[in-house]
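got a predicted structure here, sequence first:
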Amino acid sequence: MITIKDDYGKEYNVTDLKRFKKHLLDYHSKNGKGDNSLHEENGYWFRVTESFYDKIMSIVE
């Protein structure tokens, strides 16, 4: 499990990193880059910028 901060600074525990990454890849990226869309998960909000996307995809669990 990893902990990341959402757009409002609230800490969110990602319990299934593989699923989280797949969701970002399938719904919040274009050509292997974050598409600046907004991802909501359990009341936490994440703007999927290129840097956020790259950061998440680089995490090895």
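Ah, there it is.

in this protein, what residue spans correspond to helices?
For the chain, the helices defined by DSSP state H occupy 17-27, 50-58.

quick one: average confidence on the shortest one?
Per-residue pLDDT over helix 50-58 has a mean of 98.

stretch 39-47 now?
98.

and that stretch, what's buried?
39, 44, 46 (16 or more other Cβ atoms under 10 Å). All C-beta spots, glycine's among them, are computed from the backbone N, C-alpha and C.

same check, this time on stretch 54-61
In stretch 54-61, counting by 16+ other Cβ under 10 Å, buried: residue 56.

hmm, back to that, nearest to residue 5, out of the helices of the chain?
Evaluated over these, closeness to residue 5 peaks at helix 50-58, with 10.4 Å, by Cβ to Cβ.

now the angle between helix 17-27 and that closest one, please.
140 degrees (axes from the mean of the first three to the mean of the last three Cα atoms, to 10 degrees).

for stretch 43-52, measure first residue to last.
Using Cα to Cα, to the nearest Å, the end-to-end distance of stretch 43-52 comes to 18 Å.

tabulate the helices of the chain (a markdown table), appending distance to residue 3.
Listed next are the helices of the chain as a markdown table, based on distance: least, Cβ to Cβ, whole Å:
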| stretch | distance to residue 3 |
| --- | --- |
| helix 17-27 | 11 |
| helix 50-58 | 12 |
